[in-house]
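Enquirer: Attaching a predicted model along with its sequence, questions to come.
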There are 2 protein chains.
Amino acid sequence: MMMVTIYDIAKKIGCASSTVSRALNGTRHVSPILKAEIEETAKEMGYVANVAARNLISNQSWSIGVIYHESLEIGLEHQYFGGILQAFKTYVEDEGYEITFVSRRAGKQKLSYLEWCKSRRIIGVLIVTIDDKDSELVDLIESDIPVVSVNKVDLNCPTIVSDNEAGTVLAMEHFLNKNKKNIGHISLPENSFSGKERRDTYKKFMREKNLEVDDNLLVIASGYKCKDGYEAAVKMIEDSKVLPEAIYVGADMLAIGAIRALNDLGYHVPEDIEIIGFDDIELAKHITPTLTTIAQDKHRIGVEAGKLLINYMGGDEEIHNNINMRIPVSLVERKSTNSSFVDKI
Amino acid sequence: MMMVTIYDIAKKIGCASSTVSRALNGTRHVSPILKAEIEETAKEMGYVANVAARNLISNQSWSIGVIYHESLEIGLEHQYFGGILQAFKTYVEDEGYEITFVSRRAGKQKLSYLEWCKSRRIIGVLIVTIDDKDSELVDLIESDIPVVSVNKVDLNCPTIVSDNEAGTVLAMEHFLNKNKKNIGHISLPENSFSGKERRDTYKKFMREKNLEVDDNLLVIASGYKCKDGYEAAVKMIEDSKVLPEAIYVGADMLAIGAIRALNDLGYHVPEDIEIIGFDDIELAKHITPTLTTIAQDKHRIGVEAGKLLINYMGGDEEIHNNINMRIPVSLVERKSTNSSFVDKI
DNA sequence: TTGTAAGCGTTATCAC
DNA sequence: GTGATAACGCTTACAA
């Protein structure tokens, strides 16, 4: 592919290539007539700047790297992270940046994340999903490349996540307002930070409201899938002395499994037991009964991550010091806590 | 960020920079002792090649561009396209390529897709979702950059999509085997190519089997959402002279809406009317009744797209000539066609 | 086998 | 205002 260069333009017009560069970039004043001629000729000849050459001399790119590792069967098809990435993408592209997936290969060569980013002069990185306990990430975060995460992980980098504490309180108070007091909790697996926050807040809430319950009403699921929620619910019902009046579940998928389990055990939701989930996935409004849940604002998380990263790249040093941004959540009421609720199509 | 260069390595060792380059790339034979020393020193000094310099001289990159436009509310959160992209990403990264989202900006400048790709020496492009009727895409496809699409669009470029014809026949025969003959069809909107293929095959099937039915049993939905399926089903039931025994729906989301509509109208699925959808989205196994559907193989589509694009980039000229690859689909039976079917969790 | 030097397409630093 | 020219870091003839 033979490309036209500024030198070709210069030759055709009869000026210096540096003048062409200046005219096209507006870095210095070029006489209006010449400038117009250069711009016209450039267009005419189909000139596009060679980004490699530009990056070489400026020693940087406009590329933001995204780490999206398909761990735990959580790939791009995961709506939650996909939605965040979509919002992030739209925002930063609009600011003139481009997005590249961080890889660990360059042709045949294997590289670490950091090496890969350095070799491409990546100017900032968004962590979406990671390979759990990947030691390479530490090197990246401790490097001088700005990194932010939308996934609460055990790493010392600025993070933008939902307000798990507020969400949990919303759910619990929703139950309490309806005079449900014997409240159970199905929690995300141990290795989930968000799960831990929701679980801790649940415990704290119960303690503060003097609603101490049977320990068996707190069950930690062994995974993120429907069947894990099913098993957790079965365990809770089997082990608990008194049937819970309501269950706060740490994720919608688990809640869906739990509802199935309760049905199979002969209980009705919400008549016998009310359920609240967390996420507001697409499914929530389509299952039977439709699921009351704490909605996470994917769009806002993505946009805030974009803003934060751009400020960070701009040199805002304070960001590195442990920013932990919390995005508000909201309770979406549906049938799983209110049998007379009328769903929209 | 001060980076170490091959020149730094050469100076430290006392050899020529070209020797370092050759040793590190294995492009020519370098004496084993020197080679070892160079490799060690490179590692020691934390050398990473500057990709911009490399791209500049080779006049190309290892970057594959992905066009993912958030049209029709179909962003990255769309499971179907997200899943395809995930599989594609994993495959091509493993082959040493990297993925960048094609943008139309470079800093403050606005560029066309083609200009953007040229300026970065993008070596191939995958079209996932597009801005409908975007004239810029034609320029890109007609350029010498290899482009493949996983979305059947009105463009003359190699395409990898599900076998809509075979899928439709699977669904129709499933009904026919159970002696359902008065079969309706809710079709995707007019502008969908896949929808047209499914619709045409439905018509053809009915004709060939001498199952001519009331015209009102074919309804074209006005969108892709649940409510569009709802409205289509209402229309079908209201307008048809004889109640359909079964409905083949062109997409799961529409099928979900249709089932709701039938319920609201007092009909039971599958007892009164059986339903088959298309896609096998996550939801399909969670709604009530669970949905029998034609499953699309997202993973395979993504991988095949990767293979095809890599061959295309490798110079396989035949690919340009209208390759239209069809990926097999399969019927997944659930309760919406069989009330005694036992769902797994 | 290794060194010298040219060149990739820009931008930046001098001069004029 | 504009033109030479050096420099960015690498690969690759061409020599040695």
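Expert: Here it is on my side, so go on.

Enquirer: Please identify the buried residues of stretch A:237-247?
Expert: For stretch A:237-247, a neighbour-count test (16 or more other Cβ atoms under 10 Å in any protein chain shown) marks A:237, A:240, A:244-247 as buried. (Glycine included, C-beta is placed from N, CA and C.)

Enquirer: what does stretch A:185-195 give?
Expert: By neighbour count with 16+ other Cβ under 10 Å, stretch A:185-195 contains the buried residues A:185-189, A:192, A:194-195.

Enquirer: Any chance of the residues you listed in TSV with pLDDT and distance to residue B:106 as columns?
Expert: TSV is the format used below for those (pLDDT from 0 to 100; distance: Cβ to Cβ, whole Å):
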residue	pLDDT	distance to residue B:106
A:185	98	50
A:186	98	48
A:187	98	46
A:188	96	41
A:189	94	43
A:192	89	39
A:194	93	37
A:195	95	41
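
Enquirer: Give me the subset of the residues you listed lying in strands.
Expert: A:185-187 (DSSP state E).

Enquirer: Just the pLDDT at the residue of chain A most remote from its centre, thanks.
Expert: Each residue of chain A has a distance to the centre, and by Cα atoms, centre = their mean the biggest one is for residue A:14: 52.4 Å. On pLDDT, residue A:14 comes in at 95.

Enquirer: what do you get for the one 3 residues further on?
Expert: As predicted, residue A:17 sits at a pLDDT of 95.

Enquirer: what packs against whatever helix or strand residue A:56 lives in?
Expert: If you go by DSSP states H and E, residue A:56 is part of helix A:51-58. If you count contacts as 3 or more Cβ pairs under 8 Å, 6 or more residues apart in numbering or on different chains; DSSP states H and E, helix A:51-58 packs onto helix B:51-58.

Enquirer: Name the surrounding residues that touch the helix it packs on.
Expert: Helix B:51-58 is contacted by residues A:50-53, A:55-56, A:61, A:106, A:119-121, B:61, B:121 when judged by Cβ atoms under 8 Å, 6 or more residues apart in numbering or on different chains.

Enquirer: any idea which of those residues has the most stuff around it?
Expert: Ranked by neighbour count (other Cβ atoms under 10 Å in any protein chain shown), the contacts of helix B:51-58 have residue A:120 at the top, with 26 neighbours.

Enquirer: That one reaches residue A:59, doesn't it?
Expert: No: with contacts counted by Cβ atoms under 8 Å, residue A:120 stays clear of residue A:59, the gap being 11.7 Å.

Enquirer: Helix or strand: which one has residue A:139?
Expert: Element membership for residue A:139 (DSSP H and E) is helix A:135-142.

Enquirer: so how far is the helix or strand following that helix from its chain's centroid?
Expert: As assigned by DSSP H and E, the chain's next helix or strand after helix A:135-142 is strand A:147-149. Relative to its chain's centre, strand A:147-149 lies at 10 Å (Cα atoms, centre = their mean, to the nearest Å).

Enquirer: Does the helix or strand following strand A:147-149 pack against any helices or strands, and if so which?
Expert: Remark: after strand A:147-149, the chain's next helix or strand is strand A:159-162, criterion DSSP H and E. Under the contact definition 3+ Cβ pairs under 8 Å, 6+ apart, strand A:159-162 sits against strand A:147-149, helix A:298-313, strand A:324-327.

Enquirer: Now do strand A:159-162: distance to the chain's middle.
Expert: Here the centre of strand A:159-162 is set off from its chain's centre by 8 Å, with Cα atoms, centre = their mean.

Enquirer: and if you look at stretch A:155-175?
Expert: Distance of stretch A:155-175 from the chain centroid (Cα atoms, centre = their mean) equals 14 Å.

Enquirer: Please enumerate the helices of chain A.
Expert: Counting by DSSP state H, chain A has helices at residues A:6-13, A:17-25, A:32-45, A:51-58, A:79-94, A:113-119, A:135-142, A:164-177, A:193-208, A:226-239, A:252-264, A:298-313.

Enquirer: Quick check: residues of the stretch 101-250 of chain A near chain B?
Expert: A:101, A:103, A:105-108, A:111, A:115, A:118-121, A:144, A:226-227, A:230 (Cβ under 8 Å from any Cβ of the partner chain).

Enquirer: Highest neighbour count among those residues?
Expert: Going by other Cβ under 10 Å, residue A:120 tops these with 26 neighbours.

Enquirer: Could you pull up the contacting residues of residue A:12?
Expert: Residues near residue A:12 by Cβ under 8 Å, 6+ apart: A:41, A:45.

Enquirer: Kindly apply the preceding question to residue A:69 instead.
Expert: The contact partners of residue A:69, by Cβ under 8 Å, 6+ apart, come to A:129-131, A:134.

Enquirer: Restricted to strands, list those.
Expert: Among the contacts of residue A:69, the members found in strands (DSSP E) are residue A:129.

Enquirer: What confidence value was assigned to residue A:74?
Expert: On pLDDT, residue A:74 comes in at 59.

Enquirer: list the contacts for residue A:104?
Expert: A:110-113, A:116.

Enquirer: what does chain A have sitting close to DNA strand C?
Expert: Neighbours of DNA strand C within chain A, by Cβ under 7 Å from any atom of the strand: A:3, A:5-7, A:17-18, A:21, A:24-25, A:27, A:47-50, A:53-54, A:56-58.

Enquirer: returning to what we had before: ok, the buried residues of stretch A:185-195 vs residue A:34, which is closest?
Expert: Nearest to residue A:34 out of the buried residues of stretch A:185-195 is residue A:194 (Cβ to Cβ; 58.9 Å).

Enquirer: pretty sure the closest one is touching residue A:165, no?
Expert: No: using Cβ under 8 Å, residue A:194 is not in contact with residue A:165; the gap is 10.4 Å.
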